[in-house]
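In: can't give you the sequence, but here's the structure:
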Ligand SMILES: Cc1ncc(COP(=O)(O)O)c(C=O)c1O
């Protein structure tokens, strides 16, 4: 690491202490913007282009014009990783609507503002990867897709923040958000999977995109890994019943990777220990990130 963390601020690398943003930025005033979280493993950025594609889709969905090409932003990310001499770490790539007037009109913000932070992240303490997480059902509902699609990775994370507060109040690390129909969507910062009993065997299930959730890059990688390993993977609507009756539950995310869940709402899942399927997928994911496919 250089002596000081360097932040990419719309084209210029500056020391963290000098990385400032306007109080008139609509990202701050209105949560108007989009972002991505990425990982660096062995100096390689995992699925960089996939994250950039999702960023562009998020931006397009809220009519936000990113003032760079994908190639330019890819170079900016690589430059920031190199400048911070990071072998392993986390990247936060943020695009705000930019600086405007106090009014909400986004057309008063002439240019979007982009910044890139390269740092570290630990979503859950290490012991949970062996012991498994306890999670709760959140009373805060998932954002309705007709208000703001949860597929947009936007700067509006308040529903997730409220669910996280509920989790903390309950003494656990994570919370599941349900949609207005009562179906499982995802967790505060992760996607969710269940291993379910079927016809004497097992299938893996994860909520479908139409339930209202972020299309996790890790979710898609894990679906691929599971299918390659011979598991049947479904994307069927899930209720609380499907969580309570699951043999195993695990979460996936860029920050969290693959992490087992052993309790939901105080009830033990399966035999109350991280399951074999979860263990296998954790191993396969670890193998995959050792080689960190860039795309
Ligand atoms: C709400 C939410 N769901 C799911 C995920 C997992 O997505 P990914 O695997 O792309 O990190 C995240 C990650 O930040 C998230 O914030």
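Out: Received, thanks. Small disclaimer: the values here were computed from a predicted structure and weren't measured.

In: Can you give me the pLDDT of the nearest residue in space to residue 242 that is not next to it in sequence?
Out: Nearest residue to residue 242 in three dimensions, chain neighbours excluded: residue 194, at 5.8 Å (Cβ to Cβ, 6 or more residues apart in numbering). C-betas here are computed from N, CA, C, even on glycine. The model reports residue 194 with a pLDDT of 98.

In: Tell me if I'm right that residue 194 and residue 203 touch.
Out: No - counting by Cβ atoms under 8 Å, residue 194 stays clear of residue 203, with 9.2 Å between them.

In: higher neighbour count, the two?
Out: A count of neighbours by other Cβ atoms under 10 Å puts residue 194 above the other of residue 194 and residue 203, at 25 against 16.

In: got the contact list for the more buried one?
Out: By Cβ atoms under 8 Å, 6 or more residues apart in numbering, residue 194 lies in contact with 204, 205, 206, 238, 242, 243, 246, 247, 248, 249.

In: try 10 Å
Out: 184, 203-207, 234, 238, 242-250, 261, 264, 269-270 (Cβ atoms under 10 Å, 6 or more residues apart in numbering).

In: Can you tell me the strand partners of whatever helix or strand it lives in and which way each runs?
Out: For residue 194, the host element (DSSP states H and E) is strand 191-198. The sheet places strand 191-198 alongside strand 201-205 (antiparallel), strand 248-253 (antiparallel), with pairing taken from DSSP bridges.

In: right, and those - which one's nearest the ligand?
Out: strand 248-253 (3.7 Å; Cβ to the nearest ligand atom).

In: Give the next helix or strand downstream of the closest one.
Out: strand 257-264.

In: Let me know the angle separating that following strand from strand 191-198.
Out: 60 degrees (axes from the mean of the first three to the mean of the last three Cα atoms, to 10 degrees).

In: tell me which strands and helices strand 257-264 is in contact with?
Out: If you count contacts as 3 or more Cβ pairs under 10 Å, 6 or more residues apart in numbering; DSSP states H and E, strand 257-264 packs onto helix 127-131, strand 133-137, strand 174-178, strand 191-198, helix 217-228, helix 240-244, strand 248-253, helix 276-291.

In: Dump those into JSON lines; add distance to the ligand as well.
Out: As requested, these are arranged in JSON lines below (distance: least, Cβ to the nearest ligand atom, whole Å):
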{"stretch": "helix 127-131", "distance to the ligand": "16"}
{"stretch": "strand 133-137", "distance to the ligand": "14"}
{"stretch": "strand 174-178", "distance to the ligand": "8"}
{"stretch": "strand 191-198", "distance to the ligand": "5"}
{"stretch": "helix 217-228", "distance to the ligand": "3"}
{"stretch": "helix 240-244", "distance to the ligand": "16"}
{"stretch": "strand 248-253", "distance to the ligand": "4"}
{"stretch": "helix 276-291", "distance to the ligand": "11"}
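
In: Single out the most deeply packed of these.
Out: Scoring those by mean neighbour count under mean count of other Cβ atoms under 10 Å gives strand 248-253 as the most buried, with a mean of 27.

In: and residue 258, bridged to which residues?
Out: residue 252.

In: ok, it - contacts?
Out: Neighbouring residues of residue 258 by Cβ under 10 Å, 6+ apart: 129, 190, 193, 218, 221-222, 225, 250-252, 278-286.

In: what about stretch 37-52, start to end distance?
Out: Start-to-end span of stretch 37-52 (Cα to Cα, to the nearest Å) is 10 Å.

In: go on, stretch 15-27?
Out: For stretch 15-27, the first-to-last residue distance is 21 Å (Cα to Cα).

In: Next, the buried residues of it.
Out: 19, 21, 25, 26, 27 (16 or more other Cβ atoms under 10 Å).

In: That one: how far from the chain's middle?
Out: Centroid separation for stretch 15-27 versus its chain: 23 Å, with Cα atoms, centre = their mean, to the nearest Å.

In: Phi first, then psi, for the closest residue to the ligand within the stretch 1-150 of the chain.
Out: Nearest residue of the stretch 1-150 of the chain to the ligand: residue 37, at 4.9 Å (Cβ to the nearest ligand atom). Here is the backbone geometry of residue 37 (degrees, to the nearest 10): phi -120, psi 130.

In: That one against residue 190, yeah?
Out: No - between residue 37 and residue 190 there is no contact under Cβ atoms under 10 Å: 11.3 Å.
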